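A.B. asks: generate coordinates for the sequence data below:
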Amino acid sequence: MAKSGDKFITTLKLSHARWGTHRHTNTRTKRSKEGYLQIPAPIARALNLTNSNAIYQSPIYNVSTADGFIKNKPLLASGSSKKGYKFAKQFHGKGNLKLLGLWYAHINADIGDQIEIKFLTPTDILLTKI
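C.D. replies: All right, here's what the predicted structure looks like:
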């Protein structure tokens with residue numbers, strides 16, 4: 001699990017900012033305003049950011065944004081690069097896939113923008129567009 005003060009920066013790509021509509025699969029209906037944050041594999045391993053395959057820690061975090069748009073909402077670390085792998089590859093709103101997409105719209109985020117993910121505590125995250 002990450003420690004207080006740990007942070008990393010991710011760069012938004014089309015699939016992150018338009019997750020609900022820019023899809024390479026037809027497994028579900030396209031939905032606007034969905035978004036997620038990529039967790040690069042080396043960062044996931046270094047900070048021990050795990051998904052639900054890791055039974056020793058929760059994949060749920062509390063997220064807020066520096067601009068106050070999001071305040072203490074649940075964020076889920078999910079996905080993996082291969083079946084059964086415990087390290088997460090993304091963050092998204094738990095039960096609300098539009099959580100980050102709505103924030104992206106609020107801050108006028110665009111492809112190539114950078115987002116800082118900072119751990120205030122091991123389970124509290126602050127997002128800042130830089």
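A.B. asks: hey, let's count contacts and neighbours off CA atoms from now on
C.D. replies: Will do.
A.B. asks: what bridges to the residue nearest to Asp67 when sequence neighbours are not counted?
C.D. replies: Spatial nearest neighbour of Asp67, chain neighbours left out: Thr128 (7.6 Å); criterion: Cα to Cα, 6 or more residues apart in numbering. Residues in a beta bridge with Thr128, per DSSP bridges, are Glu116.
A.B. asks: surely Thr128 meets Glu116?
C.D. replies: Yes - at 5.1 Å, Thr128 and Glu116 qualify as touching, with contact defined as Cα atoms under 8 Å.
A.B. asks: for this structure, just list every one of the helices.
C.D. replies: Taking DSSP state H, the helices of the chain run over residues 14-17, 41-47, 99-106.
A.B. asks: can I get those helices in a markdown table including mean neighbour count, mean pLDDT and distance to Pro59?
C.D. replies: Output for the helices of the chain, formatted as a markdown table (neighbours: other Cα atoms under 10 Å; pLDDT from 0 to 100; distance: least, Cα to Cα, whole Å):
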| stretch | mean neighbour count | mean pLDDT | distance to Pro59 |
| --- | --- | --- | --- |
| helix 14-17 | 20 | 59 | 19 |
| helix 41-47 | 15 | 96 | 12 |
| helix 99-106 | 19 | 94 | 17 |
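A.B. asks: for Asn53, give me phi and psi.
C.D. replies: phi -70, psi -20 (degrees, to the nearest 10).
A.B. asks: ok, now how distant is the nearest residue to it once chain neighbours are set aside from Lys129?
C.D. replies: Spatially, and ignoring its direct neighbours in sequence, Asn53 is nearest to Lys86 (4.9 Å; Cα to Cα, 6+ apart). Separation of Lys86 from Lys129 (Cα to Cα, to the nearest Å): 28 Å.
A.B. asks: the more surrounded of these two?
C.D. replies: Lys86 (21 against 18; other Cα atoms under 10 Å).
A.B. asks: ok, the more buried one touching Ile55?
C.D. replies: No - look at Lys86 against Ile55 with Cα under 8 Å: they stay out of range, at 9.0 Å.
A.B. asks: what is in contact with these two at once?
C.D. replies: Taking Cα atoms under 8 Å, 6 or more residues apart in numbering as the contact criterion, no residue touches both Lys86 and Ile55.
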